[in-house]
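1. fold the following and give me the result.
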Amino acid sequence: MVVGFVVGGTEPLIGKSKEAEIKRINKELANIRSKFKGDKALDGYSKKKYVCKLLFIFLLGHDIDFGHMEAVNLLSSNRYTEKQIGYLFISVLVNSNSELIRLINNAIKNDLASRNPTFMGLALHCIANVGSREMAEAFAGEIPKILVAGDTMDSVKQSAALCLLRLYRTSPDLVPMGDWTSRVVHLLNDQHLGVVTAATSLITTLAQKNPEEFKTSVSLAVSRLSRIVTSASTDLQDYTYYFVPAPWLSVKLLRLLQCYPPPEDPAVRGRLTECLETILNKAQEPPKSKKVQHSNAKNAVLFEAISLIIHHDSEPNLLVRACNQLGQFLQHRETNLRYLALESMCTLASSEFSHEAVKTHIETVINALKTERDVSVRQRAVDLLYAMCDRSNAQQIVAEMLNYLETADYSIREEIVLKVAILAEKYAVDYTWYVDTILNLIRIAGDYVSEEVWYRVIQIVINRDDVQGYAAKTVFEALQAPACHENLVKVGGYILGEFGNLIAGDPRSSPLIQFNLLHSKFHLCSVPTRALLLSTYIKFVNLFPEIKTTIQDVLRSDSQLKNADVELQQRAVEYLRLSTIASTDILATVLEEMPPFPERESSILAKLKKKKGPSTVTDLEEIKKERSSDMNGSAEPTPVNASNVSTPSPSADLLGLGAVPLTNSAPAPSSSGSLLVDVFSDSSVAVPLAPGSEDNFASSSDLASSEVVSEEPADAVHDADELIHKFICKNNGVLFENQLLQIGLKSEFRQNLGRMFIFYGNKTSTQFLNFTPTVICSDELQSSLNLQTKPVDPIVDGGAQVQQVVNIECISDFMDAPILNIQFRYGGTLQNLSVKLPITLNKFFQPTEMSSQDFFQRWKQLSSSKQEVQNIFKAKHPMDTEITKAKIIGFGSALLEEVDPNPANFVGAGIIHTKTIQIGCLLRLEPNLQAQMYRLTLRTSKEAVSRRLCELLSEQF
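-> So this is what the prediction gives:
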C-alpha cells in the first residue's frame, strides 16, 4: 500500500533536494489536513489512504501531530485493509499516554471479542507492538483466556502466545498466574507446530521466573523433542528447513529443558538421553545438502543440545561425546563454528566428567592461538586454555600464553597478563617457577602488568621464607638489563630492600653494587617509583651500614632535598634525619623486615572478574561457584564478620577463592611442603595439601577446639552449632580442620534437591588406612531427608585429597542436621571424629519477588500467633547495610527493595520447597542502630518452620 502511494502518483514524494522534499511534504500535509477538516465526510478508502500517507511521512523522519483520531476511526471498519492501516498507524505513532488510549483499548476489546481470526490477529499484533504497561493492565487477563480456549484458531493461538510473552517481558507483575498456566503447558502437544513453537517461547520465559508452575512441561517437551528428532525430513514438510526437521522448535525445546534439572522420572530421563544421543549421532552423518542453510540449522540444534548436556552435568558419556564433537569443530573452516566450539568447551572444562576429555585437545587449541586470524577466536582460545589448566599442564599452558603474549593483540594483552598471573600462582609447582614467570611477564608486557600483579608477587615472596633468596637473586639479575620496565624496578626495589642481605655475600651482588644498580634506574622512573626507591635506600642503611655514607650523600643532594615534588622532598628529609640521629637499635626496629601479609581474595582474580564480568570468567572453580549460587537462588555474600575468619598460612589457597577481607589478623608462620590447599578442586585426581595449612573459611576458634579423638568413638560433635551457623548463608568453605585432616564442602541446591561435595584432605605425609566416612541421620531426620552417599577410597595417600558426593532430597521440613562420622587409622592408631553437616532448612529456599501490596496482603494473612515467630536480639557483628543485604540473599530469600515504608528495614520473601509441601515464608528485619539491636519477624504457614528459620537467621547478625 505504501509502495503504491510512493510510485503511483503523478509526481514523486521525494524531491531532488532536502528543501524540495520538505516543501512537497508540507504541501501534502496541508492537503491531508484540509481533507480531514473538510465538510465532506471521507469514505473508508480515502481515510485509509491519507492515514497511510501520514504514516509514511513519519517514517521519513518528519513529525506528525494530527490524524490520530482518523486512525482510531479506521479500527471500527469491517474492511481488513482499513483496519490494518489503522492498527499500523497506532502501533507506530500513538503514545501510551495519549488521550485516545481508552478509545483504542475499546476497539481492541471489540476485535478480540469478535472471534474473527483476522481481526483478532490484528488486535493482538497491535498490543504486542505497543507493549506498554497500560496495554498490559488492560489485556493481560484477557489474552491467556484466548490462548487456552478450545475454539481459538491456530493462527490466533500463535499470536496470543507471542503477545502474552511480550507483555510478560515488559510488565511481569501484571500478568496473573492462574488456571491457564497448567493448560498452556499442554499446548506443547498441539498438532500445529507453529502453536507449539510460540507456546515454547512463552513457557520458557515464564518457567525461568516460576519454575514450579511449569515443571510439568519437562515431560511434554521431551516427548515433543523425541518426535521431532526421530522423524524424517519428509514427516514435517511444512516445518523442515533444508532437510532439518523443525530446527527452531528443537532449539526452543532444548532451551526450555535448561530451565530445569535432569528429569527425575527414569523413563523421561532415558528418553531425553536418547534424543541427545540421536542429535550427536546425526552430527556425525554426512550432510544431506551442501548449502550453508542446512549446516547452520543442523549445528544450531547440535550446539543447543550440547548446552543442555553441559547444564545437566550428569551424564559422563554424553559430556565426553559432546567434547569430542566440539573438538572436531576446532579445525573447521568456518570461523563461527570454531568460535562456538571454543566457547562451549570453556564451559565443558568446568565439569568433573569432561575436564579430562577437554584437556586432550590442548595441542589443537594452542595451534589455534598461534594461527587463527580472527582476534575474537584467539581470545576464546585463551579462555579455553585458562579453563582447562590444572596442575598437570599448567607449565605448558603458561609457557604458551607467554609466547603468544609477545605478538598478541593489544586489546587482549591485559586479560592474558591477568590470566597468566593467576595460573602461575594457583598451580605453582614451586615458587621459583612462579617468580620466574611473573618477572618474564613484566619483561614481555610490562605496560599491561597492573599494580595488582606486582603487589601479589611482593605478598607471596614476603610470606614465603624459602623463595626470598631466589627472588632477590633473580630480580637483581633482571635489573642488569639495559632497559627495564618500571614495574620491574618497583618489584626489584621492594624485594632488594627487604631481602638484599640474602645475596650480599656474593661479590657480584655486594651492597654497593645493589645500590648503584637501583640508583641507575632512579632518574628514569615516575614519582611513585622514586618514592619506593627512597624507601629501599633507607632500608639499605639498616641492612648494609657500610654504604650508609653513600646513601646519605644521595639523600642530601639538592635534587632530593629541594625536589619540586612534596612527597619525594619529605621522604628525603625524613630518611636523612632518621639515618643521622637514630641509633642502630632504633633503626633496626623502625626498619625491620615486613611481617607476612594476611591472606585475602586475590586482587588479580578480582580484577579479571571486574574486567570480564562474573559470568564470563571461565575458571573451573568460579563456574562451579556461580552454578551453586544460581541453584540456591542467590549469590554467596562475600562480606563476613572478621572475627569468624583466621589468617591462613602463606601456603593456604593463595588465590583466596571465596575468601573475604580480613582485619585484626596476626601473621601466620610460613610452612614448607606443598604450595596450595586445593580444597575446591574439581579434579578427581588426588592433589597435594600443605601440612599445617589453614583455609580462609576456618576460624581460629574452630581450629583450637577441634581435636581428634583416638581409639574411642567420638561422642561429641565438634563445634556443632558454630559450624552450622558458619554455613547458613554460604555453600562453600572448610568445615573442619586439625593437624591431620581438612574437610572442605561445596554444595548446590535447587528446590527440594541438593548435592554436596565433601573433600577430605590428608595434611600429613602418612597414609590414612580404612578411611570410612559415614553420614548418620536420626530416626526423625530419616523421614524428612533422603541422603545418598557415594563410597570413598579407603586409602588416602599422604598429602592427597579425595572427594565424596552426597545427593540430598528434602521430603518434609526438619529441625536437626545429619552428622558426618569419620574413622581411619593413622600410624596404627584409630582416629574417630564427628561433625554436623550444614544441611539446614533454608538451603531449600526459592526466592520470590513480590510487590509491596502483595507482600503486606500476604503478611496480614499470616498473622496468627502460630504462624509468626519474633526475636529481639543484640547485634553480634557490626551493623553494616550491605553485609546485611548479602546475608539475607545468601539465606535464600529474595530481598524486596522499596517494600517496607521504613527504608532502614529489610524485607524478604521465599518458598521452602519439600517433596510433600511448599511453605511460603515472609521475613522482616528491623535494625536499631542506636541500641545496636535487631528485631527479626518470620511468618510462615507452619510454626515449627517459622521458629527454625528465625533461629538460623538470628545467629547471622
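
2. tell me the helices and strands packed up against the one helix or strand residue 487 maps to.
-> For residue 487, the element it lies in under DSSP states H and E is helix 486-499. In terms of contact count using 3 or more C-beta pairs under 8 Å, 6 or more residues apart in numbering; DSSP states H and E, helix 486-499 is assigned the packing partners helix 431-445, helix 451-463, helix 465-478, helix 511-519, helix 527-543. In short, each C-beta sits where N, CA and C put it, glycine included.

3. buried residues in the second one?
-> This points to helix 451-463. Within helix 451-463, the residues scored as buried using 16 or more other C-beta atoms under 10 Å are 452, 453, 454, 455, 456, 457, 458, 459, 460, 461, 462, 463.

4. okay, domains of the chain per the record?
-> Listed domain ranges for the chain are 61-312, 429-591, 719-839, 842-955 (source: the TED database).

5. coming back round to it: which among the helices and strands packed on helix 486-499 is found nearest to residue 946?
-> Taking C-beta to C-beta as the criterion, helix 451-463 is the member of the helices and strands packed on helix 486-499 that comes nearest to residue 946, at 45.8 Å.

6. tell me what angle the closest one forms with helix 465-478.
-> Our comparison of helix 451-463 with helix 465-478, counting by axes from the mean of the first three to the mean of the last three C-alpha atoms, to 10 degrees, yields an angle of 130 degrees.

7. okay, now the unreliable bits of the chain?
-> Under the criterion of pLDDT under 70, the regions of the chain flagged as low confidence span 1-15, 96-98, 233-235, 237, 599-723.

8. give me that answer again for 80
-> Along the chain, the parts satisfying pLDDT under 80 run over 1-16, 38-40, 94-100, 178-179, 232-238, 352, 429, 597-726, 827-828, 863-866.

9. distance of residue 741 from residue 770?
-> 14 Å (C-beta to C-beta, to the nearest Å).

10. the two: who's more crowded?
-> For residue 741 versus residue 770, neighbours defined as other C-beta atoms under 10 Å are more numerous around residue 741 (23 against 11).

11. make sure residue 872 is indeed in a strand.
-> Yes: applying DSSP: H, G, I helix; E, B strand; the rest coil, one finds residue 872 inside a strand.

12. residue boundaries of the strands in the stretch 851-957 of the chain?
-> Remark: strands of the stretch 851-957 of the chain, listed N- to C-terminal, are 868-874, 894-895, 906-913, 918-928, 933-940; assignment by DSSP state E, counting those that start in this stretch.

13. so which strand or helix has residue 225?
-> In this structure, residue 225 is located in helix 217-229 according to DSSP H and E.

14. report the contact partners of residue 493.
-> Neighbouring residues of residue 493 by C-beta atoms under 8 Å, 6 or more residues apart in numbering: 518, 529, 532, 533, 535, 536.

15. oops, could you answer that again for residue 306 instead?
-> Residue 306 makes contact with 322, 325, 326, 344, according to C-beta under 8 Å, 6+ apart.

16. any idea of the angle the helix or strand that it is a member of forms with helix 217-229?
-> Taking DSSP H and E as the definition, one finds residue 306 inside helix 292-312. Here the directions of helix 292-312 and helix 217-229 differ by 150 degrees (the same axes, to 10 degrees).

17. change the start of the numbering to 57 and stick with it
-> Let's use 57 as the start, then, which means that last one is helix 348-368.

18. how far out from the middle of the chain is helix 348-368?
-> Between the centre of helix 348-368 and the centre of its chain there are 23 Å (C-alpha atoms, centre = their mean, to the nearest Å).

19. got the buried residues for the following helix or strand past it?
-> Proceeding C-terminally, helix 348-368 gives way to helix 372-385 as the next helix or strand, assigned by DSSP H and E. Within helix 372-385, the residues that qualify as buried by neighbour count (16+ other C-beta under 10 Å) are 374, 375, 376, 377, 378, 379, 380, 381, 382, 383, 385.

20. and those as CSV, adding distance to residue 129?
-> Formatted as CSV, those follow (distance: C-beta to C-beta, whole Å):
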residue, distance to residue 129
374, 60
375, 62
376, 66
377, 62
378, 58
379, 63
380, 64
381, 59
382, 59
383, 64
385, 57
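
21. picking that back up, give me the angle between the helix holding residue 543 and helix 507-519.
-> For helix 542-555 and helix 507-519, the angle between their directions (the same axes, to 10 degrees) works out to 20 degrees.

22. is it true that residue 386 touches residue 420?
-> Yes: taking contacts as C-beta atoms under 8 Å, residue 386 lies within contact range of residue 420: 4.8 Å.

23. ok so, going back, chain center to the helix holding residue 543, what's the gap?
-> Taking C-alpha atoms, centre = their mean, one finds helix 542-555 lying 36 Å from the centre of the chain it belongs to.

24. and if you look at stretch 519-535?
-> Computed by C-alpha atoms, centre = their mean, the chain-centroid distance of stretch 519-535 equals 37 Å.

25. what do you get for stretch 558-571?
-> Distance of stretch 558-571 from its chain centroid, counting by C-alpha atoms, centre = their mean, is 49 Å.

26. stretch 214-233 too?
-> Between the mean C-alpha point of stretch 214-233 and the mean C-alpha point of its chain there is a distance of 27 Å (C-alpha atoms, centre = their mean).

27. now do that stretch: everything it contacts.
-> Contacts made with stretch 214-233 from outside it, assessed by C-beta under 8 Å, 6+ apart, are listed as 176-177, 180-181, 183-184, 187-189, 191-193, 195-197, 199-200, 202-203, 208, 240, 243, 250-251, 253-255, 257-258, 261-262, 265-266, 269, 907.
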